[in-house]
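> need coordinates for the following:
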Amino acid sequence: MSRPAAPLWLSHALRAQRGPVPWGAVIRGALAAGPLLLAGVLAGRTPLGVLAAIAAMLAGINDRPGSRRAAVERLGVPASAGALGLLVGTYAGQELAAVPLTSALTGLGLVAGGISAVGPVASAAGTHLLVGAALGAGMPAAESGPLRALAFLAGAGWLLLLRLALPTPGSLAGDFRFDGERAAVAEVYDAVAALVEAVGKAHATARRAALTAALDHAQDALAGPRLRRYASSAAERRLHAQYAAALPLAEAATALFWAGEPVSARAAEGLRRLAAAVRGNTGTGPLPAPSRSVPALRALDDALLRAAEAFDRADGPRQRLLTRHRGARDALRAALGTGGREYGLRVALCFGASAAIAQALHHTRWYGQHQHWYWLPATAVFLVKPDLGPLVSRVLCRAAGTVLGAVVFAGLAALLPRPAGLIALVAVCGALVPVATRHFAAQTAVVTVLVLALVMAGGEPQASVSRIGETLLACVLVLVVGHLPMPGRRGGAVRARLATAGSAAQAYLAHVLGESDAVGGSGDHDTSGDHDTSGVLGRPGGRTERWALRREAYRALAEARTTIALAAAELPALARYTAGTDAVADVLERLVDTTTACAVHLDETGRLTSRHLGQLREALRQLETHGVKVPLPVAA
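Numbers count the residues shown, from 1 in each chain. Coordinates of the predicted model:
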């Protein structure tokens, strides 16, 4: 007998990410919060050392694998937002009474919540902005607002400096400046090889999704800030050329996946050699002889030969970077769209209500000897973030992690000397943060121990019991607000992501097919054979534009998939609002896969088969039944 499966809302709370230990981030974490606190204690400015250590801890949560220059934006933007929030919160806490202060924090939550809908970096910036505001308003100190903001920036800046300066373990033998970029590009070639090997097998779909993830990661790794629009050094230009050479390989592999006919193992050997060449920063050496039996294989072999030429050059060509940049208009549209408005309202309600409750409790005996009320709104900010998982999963993990962390700290606080033992504990927790981010409960437990150690190092008494009570109260508050009805339809974030994915798929389809008569109109054309589409490939922009549109289509689909999966793991009362959206994503994915197969077939033969046209029309018909209209390009 098979056991009944656990509900999604419970299984998600028990799920943890896997992967190798990020030793570089572990070392940086050990060298960040603890030493900063020690510097503050030795300088006689312990409160500033505590703020710097908190900033380093928050930056450590965002210290994920990737390139160095991409880390400038990923760590620097949230840190700047946190410093701004700390500055605003400090002045608001000093100048405003309880009711105006709560109103101001509620308005700030509305703005930060809308900003968080723009993307991952904006989401982290919105969170840091509110956490900084809560700290500034609820942590009275003798230091001025600008001095506290500078201490916060210094703490995050110290971790960023470590990220830029320290080599990744294992990369000391070579040029470690681009080790993150090099690893990301190599993973793309490995992912293409894995997809080619999986063609026609049951796990091929998962390999195609892994290829999209690898391309997204490489695209982000190569998109770090630079003074010029073009790669400046020879090594960097070569990496960009190697990434660009992987795009037609990924396209051909996707066409093979769409066809579903297994290929020989030899087809993936050359791709594995290219991956090894990227990692070792070496030449490719001899490649296997080509196999050119079908158009997709011919495209794969042609792309492999062109990639080998790019690898053999000592210096890649100076070229425009094929990276994704969201413009100000797109960001504003996302912030003010349905997803941004819904999230902004919920963040504002949670942040404002938690601040009001915390200030009310601050004047009662419930708080006891603890003078600061920032923990409750800061906890609510993290709990309300949808990118940390479904609501009930976040609440369960936060509650369990806080209880565990508070109990562990209570035992350690009774044994450790002060302040040396607390400083050592902060350093150990800082090293554990990058590993603990794989599960929200583990991350919460480590952060709880770290923050309680900082609070005690700042001169406050042991606060484990009050932190547990405040966290449980925040959990209840966020659960209630998360289930409140809001203006408009529920599930706005999911629908917004699907709309973006649909628009990207339409743009990609229109570019590949253009307005050729070959695609037909209402199905009256003959589909018994191949259809001439010569002339389509001569359109302005060419293949470079096509690859950029393909990347945008698959990336938008991946983001929609992530949002849909999180919505499906909510409690049934919330999950029902997005039921069926995964079917729409499935059809959009088939449409983009078919469009890719059409592009490769057109390149090789100039014609489309009846199978290509039939699957395009079927995908569009299914989308229309779901209320999504993607027009098939038709001649006038």
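
> how about the secondary structure of Pro487?
coil (DSSP: H, G, I helix; E, B strand; the rest coil).

> wouldn't Ala445 be in contact with Thr437 here?
No - using CB atoms under 8 Å, Ala445 is not in contact with Thr437; the gap is 11.8 Å. Backbone N, C-alpha and C define where each C-beta goes, glycine included.

> between these two, who's got more neighbours?
Set side by side, Ala445 and Thr437 show more neighbours around Ala445, with 26 against 20, by other CB atoms under 10 Å.

> show me what the helix or strand hosting the more buried one is packed against.
Element membership for Ala445 (DSSP states H and E) is helix 440-457. Secondary-structure packing of helix 440-457 (3 or more CB pairs under 8 Å, 6 or more residues apart in numbering; DSSP states H and E): helix 33-42, helix 46-61, helix 391-413, helix 420-436, helix 464-482.

> pull out the buried positions in the first one.
When burial is assessed from 16 or more other CB atoms under 10 Å, helix 33-42 yields the following buried residues: 33-41.

> could you do the second one as well?
Along helix 46-61, these residues count as buried under the neighbour rule (16+ other CB under 10 Å): 46-61.

> do the same with stretch 141-148
Buried, per 16+ other CB under 10 Å, within stretch 141-148: 141, 145, 147-148.

> now the residues you listed as CSV including distance to Pro295, pLDDT and secondary structure?
Output for the buried residues of stretch 141-148, formatted as CSV (distance: CB to CB, whole Å; pLDDT from 0 to 100; DSSP: H, G, I helix; E, B strand; the rest coil):
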residue, distance to Pro295, pLDDT, secondary structure
Ala141, 69, 75, coil
Gly145, 65, 90, helix
Leu147, 66, 95, helix
Arg148, 63, 95, helix
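
> distance to Leu388 added to those residues, as CSV?
Shown next, in CSV, are these (distance: CB to CB, whole Å):
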residue, distance to Leu388
Ala141, 29
Gly145, 29
Leu147, 31
Arg148, 27
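
> and of the residues you listed, the nearest to Arg467?
Ala141 (19.8 Å; CB to CB).

> pretty sure the closest one sits against Ala151.
No - using CB under 8 Å, Ala141 is not in contact with Ala151, being 10.1 Å away.

> got the contact list for the residue most central in space within the chain?
Residue closest to the average C-alpha location in the chain (CA atoms, centre = their mean): Pro120, at 5.0 Å. Pro120 sits next to Asp387 when contact means CB atoms under 8 Å, 6 or more residues apart in numbering.

> any idea which of the buried residues of helix 46-61 is closest to Cys429?
Cys429 lies nearest to Met57 out of the buried residues of helix 46-61, by CB to CB, at 7.9 Å.

> which is the next helix or strand following the helix or strand containing Val592?
Taking DSSP H and E as the criterion, Val592 maps to helix 581-605. Once the chain leaves helix 581-605, the next helix or strand it forms, by DSSP H and E, is strand 607-608.

> what helices and strands are in contact with whatever helix or strand comes next after that next one?
Downstream of strand 607-608, the first helix or strand assigned by DSSP H and E is helix 610-625. With contacts taken as 3+ CB pairs under 8 Å, 6+ apart, helix 610-625 sits against helix 581-605.

> and the helix it packs on, which residues are buried?
Residues of helix 581-605 classed as buried by neighbour count (16+ other CB under 10 Å): 581, 584-585, 587-604.

> again, but for stretch 475-489
Neighbour count says stretch 475-489 has 475, 477-478, 481-482 buried, by 16+ other CB under 10 Å.

> could you do stretch 251-269 as well?
Buried residues in stretch 251-269 (16+ other CB under 10 Å): 251-259, 263, 267-268.

> tally of neighbours for Leu101?
Counted with other CB under 10 Å, residues neighbouring Leu101 total 21.

> ah, wrong one, I meant Ser103
Count around Ser103 with other CB under 10 Å applied: 14.

> and it, how far from Gly126?
Using CB to CB, to the nearest Å, we find Ser103 at a distance of 19 Å from Gly126.

> kindly report the same for Leu425.
With CB to CB as the criterion, Leu425 and Gly126 are 30 Å apart.

> of these two, give the one with the bigger neighbour count.
Shown here are Leu425 and Gly126; by other CB under 10 Å, Gly126 has more neighbours (29 against 23).

> quick check: which element contains that one?
Assigned by DSSP H and E, Gly126 falls in helix 120-138.

> show me what the mean pLDDT comes to for that helix.
Averaged across helix 120-138, the pLDDT comes to 93.

> and for the closest residue to Ala235 other than its chain neighbours, the neighbour number?
Leaving aside its sequence neighbours, Ala235 sits nearest to Phe178 (CB to CB, 6 or more residues apart in numbering; 6.0 Å). Using other CB under 10 Å, Phe178 has 23 other residues around it.

> ditto for Gln462
Gln462 is flanked by 17 other residues according to other CB under 10 Å.

> how about it, nearest residue that isn't a chain neighbour?
Sequence neighbours aside, Ala413 is the residue nearest to Gln462 in space, at 5.2 Å (criterion: CB to CB, 6+ apart).

> and Arg163, by the same measure?
Among residues not flanking Arg163 along the chain, Ala71 sits closest, at 4.9 Å (CB to CB, 6+ apart).

> circling back to that earlier point, among the buried residues of stretch 251-269, which two are most distant?
Trp258 and Ala268 (17.2 Å).

> for the stretch 101-250 of the chain, give me the ranges with low pLDDT.
Low-confidence segments of the stretch 101-250 of the chain (pLDDT under 70): 169-176, 225-232.

> and the helices in it?
Under the criterion DSSP state H, counting those that start in this stretch, helices of the stretch 101-250 of the chain are mapped to 120-138, 145-165, 179-198, 204-221, 234-259.

> for Arg28, find the nearest of these.
Closest approach to Arg28 among the helices of the stretch 101-250 of the chain (CB to CB): helix 145-165, 4.5 Å.

> list the buried residues in that closest one.
145, 147-160, 162-163.

> between helix 120-138 and it, find me the angle.
Put simply, helix 145-165 runs at 150 degrees to helix 120-138, going by axes from the mean of the first three to the mean of the last three CA atoms, to 10 degrees.

> can you spell out which helices and strands pack onto helix 145-165?
Here helix 145-165 touches helix 23-30, helix 33-42, helix 46-61, helix 68-95, helix 120-138, going by 3+ CB pairs under 8 Å, 6+ apart.

> distance to Trp547 added to those, as a markdown table?
Below are these laid out as a markdown table (distance: least, CB to CB, whole Å):
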| stretch | distance to Trp547 |
| --- | --- |
| helix 23-30 | 31 |
| helix 33-42 | 42 |
| helix 46-61 | 34 |
| helix 68-95 | 21 |
| helix 120-138 | 23 |
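
> need the pLDDT of Val384.
88.

> next, count neighbours for the nearest residue to Ala410 once chain neighbours are set aside.
Nearest residue to Ala410, sequence neighbours excluded (CB to CB, 6+ apart): Ser464, at 4.4 Å. If you count neighbours by other CB under 10 Å, Ser464 ends up with 21.

> Ser464 contacts Ala406, correct?
Yes - under the criterion of CB under 8 Å, Ser464 makes contact with Ala406 at 3.9 Å.

> what do those two both touch?
Leu452.

> ok, the residue nearest to Ala410 - contacts?
406-407, 409-410, 413, 452.

> pLDDT of stretch 563-582, averaged?
Averaging pLDDT along stretch 563-582 yields 89.
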